[in-house]
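1. Take this sequence and fold it.
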Amino acid sequence: MIEKIVTIQNRAGIHARPAALLVQATKDFKCSIYFEKDNDRINAKSIMGVITLGAAYGTEIKIIAEGDDEEAAANALVRLFESKFEEE
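-> Numbering: from 1, shown residues only. All right, here's what the predicted structure looks like:
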């Protein structure tokens, strides 16, 4: 299991477009992937889960990946967060 903490850096936070990018980025990985904020843990492969996380600018999110390709999955998601979802 791999855990990485990222901070949402785009001003709009996670809304529909970033949520779709995150879910799309997870679809090719076999491992289980979760996002955790405060005490809420959601399936990162679920667009409704990602949107309902309610993650705004400056929020810390823990990425949890567990399975065969966990490291590649976690790194891909970190890159997406660091790119500010290509919005800025």
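2. CA only for contacts and neighbour counts going forward, please
-> OK.
3. What ranges does this structure have for its strands?
-> Assigned by DSSP state E, the chain shows strands spanning 2-7, 32-37, 40-43, 60-66.
4. same for the second one, what does it pack against?
-> So the one you mean is strand 32-37. Applying 3 or more C-alpha pairs under 8 Å, 6 or more residues apart in numbering; DSSP states H and E, one finds that strand 32-37 makes contact with strand 40-43, strand 60-66, helix 70-82.
5. One more: the longest one?
-> Applying 3+ C-alpha pairs under 8 Å, 6+ apart, one finds that strand 60-66 contacts strand 2-7, strand 32-37, helix 70-82.
6. would you turn these into JSON lines with mean neighbour count, distance to Lys45 and mean pLDDT?
-> Shown next, in JSON lines, are those (neighbours: other C-alpha atoms under 10 Å; distance: least, C-alpha to C-alpha, whole Å; pLDDT from 0 to 100):
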{"stretch": "strand 2-7", "mean neighbour count": "16", "distance to Lys45": "16", "mean pLDDT": "98"}
{"stretch": "strand 32-37", "mean neighbour count": "20", "distance to Lys45": "7", "mean pLDDT": "98"}
{"stretch": "helix 70-82", "mean neighbour count": "17", "distance to Lys45": "12", "mean pLDDT": "97"}
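7. Quick one: these as CSV, columns for distance to Met48 too.
-> Shown next, in CSV, are those (distance: least, C-alpha to C-alpha, whole Å):
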stretch, distance to Met48
strand 2-7, 20
strand 32-37, 12
helix 70-82, 17
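8. what about the ones you listed, which gets the closest to Ala25?
-> helix 70-82 (7.1 Å; C-alpha to C-alpha).
9. Residues in contact with the closest one: which ones?
-> Applying C-alpha atoms under 8 Å, 6 or more residues apart in numbering, the contact partners of helix 70-82 are 1-4, 6-9, 22, 25-26, 29, 31-33, 63-65, 86.
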